[in-house]
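Chemist: All I have is the shape, not the residue letters:
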């Protein structure tokens, strides 16, 4: 055991030491706490929030050089620094190509999404138009049947004007004696209308 004294104090904690204290690993909690305490130190001071980073595009990157005077490669015989220059230029070019491909994919996805939205909208409009026609037809049949007060209203609202005339006309049929002098009104039962041509 060491005896208490200046030799047992760590050098960074010794008040006589002019070395800066060791920085410990910063946790997210302590980092946020220090940011909040620095904000509350002067409440009247204006807070400047950083703007959102703009999305990188191929056009935001510098254009590749049009003429490369000294083409570098990773082959033998190049200087020790040439490989790193080559790797950096290759990385820049790959980044530029990746951003260009991302733009193309984004445009393609946008066009596909727009096409799907147009298709859904078109189907909805077709269905709405079909229902509108059906509703108008039903209302017209109700109005027509309500004025006459006859078989049109009882026929389910699907009978048209010329069919109503056919159902209301009287036809001569042979009675039980077969003499043909009885008249019977032909009334169509509500339901499906079948026309034989």
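Modeler: Cool, the structure landed. The structure presented is a predicted model; accordingly, all values stated were derived computationally and were not measured.
Chemist: Helix, strand, or coil at residue 60?
Modeler: Secondary structure, DSSP: H, G, I helix; E, B strand; the rest coil: residue 60 is coil.
Chemist: measure residue 16 to residue 84 for me?
Modeler: The gap separating residue 16 from residue 84 is 45 Å, by C-beta to C-beta, to the nearest Å. Every residue, glycine included, has its C-beta placed from N, CA and C.
Chemist: Tally up the residues packed near residue 96, please.
Modeler: As a burial measure, residue 96 scores 17 neighbours (other C-beta atoms under 10 Å).
Chemist: Do I have it right that it meets residue 59?
Modeler: No - Residue 96 lies out of contact with residue 59 (C-beta atoms under 8 Å); the separation is 9.9 Å.
Chemist: host element of residue 107?
Modeler: Assigned by DSSP states H and E, residue 107 belongs to helix 82-148.
Chemist: Now residue 56: phi and psi?
Modeler: Per-residue torsions, residue 56: phi -80, psi 140 (degrees, to the nearest 10).
Chemist: what about it, neighbour count?
Modeler: 12.
Chemist: Not counting its neighbours along the chain, what's nearest it?
Modeler: Closest residue in space to residue 56, ignoring its immediate chain neighbours: residue 99 at 6.2 Å, by C-beta to C-beta, 6 or more residues apart in numbering.
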